[in-house]
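Q: here are the coordinates; sequence isn't available:
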């Protein structure tokens, strides 16, 4: 059963891609549109479209040179959205990547919190045959241009326990609703959890991965062969 599923999704010796935003542009854009709508409504898209320097944004403690680079890369798409906010579409892979970089700036809609936790959670998701599921956020790449894969995870939000944050991140990034996470390592600023899916759970996940409610932050979901890395 797994062999057939892996062949369907394109198995390599080290990696099986379950979701790639470039292969499912309509699906990915449908996930992005609600967030883009909020960004349009609050005026953030227009502000980013008009931004040419860090000073233009007017909030140096939250918007720096890294943010500006993403905005300048996405400038044509920002202006395209401004021209017709009711009809957001993409015509090329580059425009799709621009959308992902625009979505990355969704945090600018949030009110800054002086008490925001600096602690993070990370979840290792193990599946049968010595594999684990990893993700790519916002089309991030390594220096050689390969996708920058990582374990699901993120920051602990105000009022959350580390376990609650880990459960939320798994749901947002993989679409999985789980409770059985095991804490395997803890430092001052990082809590590492582990989730183990059995064969039935994993097979079901593969079948429905493109139907799940996944945060548009995620642009790729892959299965990594731990014996080959």
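A: Yes, it's here. Computed from a prediction, not measured in an experiment: that's the story for all the values here.
Q: so where do the helices sit in the chain?
A: Here the chain has its helices, by DSSP state H, at 2-9, 25-41, 44-49, 54-57, 65-73, 75-83, 93-103, 162-174, 199-208.
Q: ok, which of the ones you listed comes nearest residue 153?
A: Across these, residue 153 has its closest neighbour in helix 162-174 (5.5 Å, C-beta to C-beta). Any C-beta I mention is one placed from the backbone N, CA and C, and that applies to glycine too.
Q: any idea how far the closest residue to residue 17 other than its chain neighbours is from residue 54?
A: Nearest non-adjacent residue to residue 17, counting by C-beta to C-beta, 6 or more residues apart in numbering: residue 222, 5.1 Å away. For residue 222, the distance to residue 54 equals 34 Å [C-beta to C-beta, to the nearest Å].
Q: the more surrounded of those two?
A: It is residue 222, of residue 222 and residue 54, that has more neighbours when counted by other C-beta atoms under 10 Å, with 21 against 16.
Q: that one reaches residue 15, doesn't it?
A: Yes. When contacts are counted by C-beta atoms under 8 Å, residue 222 is listed as touching residue 15 (5.2 Å).
Q: state the distance from the residue nearest to residue 188 when sequence neighbours are not counted to residue 166.
A: Leaving aside its sequence neighbours, residue 188 sits nearest to residue 119 (C-beta to C-beta, 6+ apart; 7.6 Å). Per C-beta to C-beta, residue 119 is found 11 Å from residue 166.
Q: and the residue nearest to residue 102 when sequence neighbours are not counted, how many residues sit next to it?
A: In this structure, residue 102 finds its nearest non-sequential neighbour in residue 74, 5.1 Å apart by C-beta to C-beta, 6+ apart. Residues contacting residue 74 under the criterion other C-beta under 10 Å number 25.
Q: for residue 74, give its distance to residue 217.
A: Distance, residue 74 to residue 217, by C-beta to C-beta: 15 Å.
Q: repeat that for residue 138.
A: Taking C-beta to C-beta as the measure, residue 138 falls 6 Å from residue 217.
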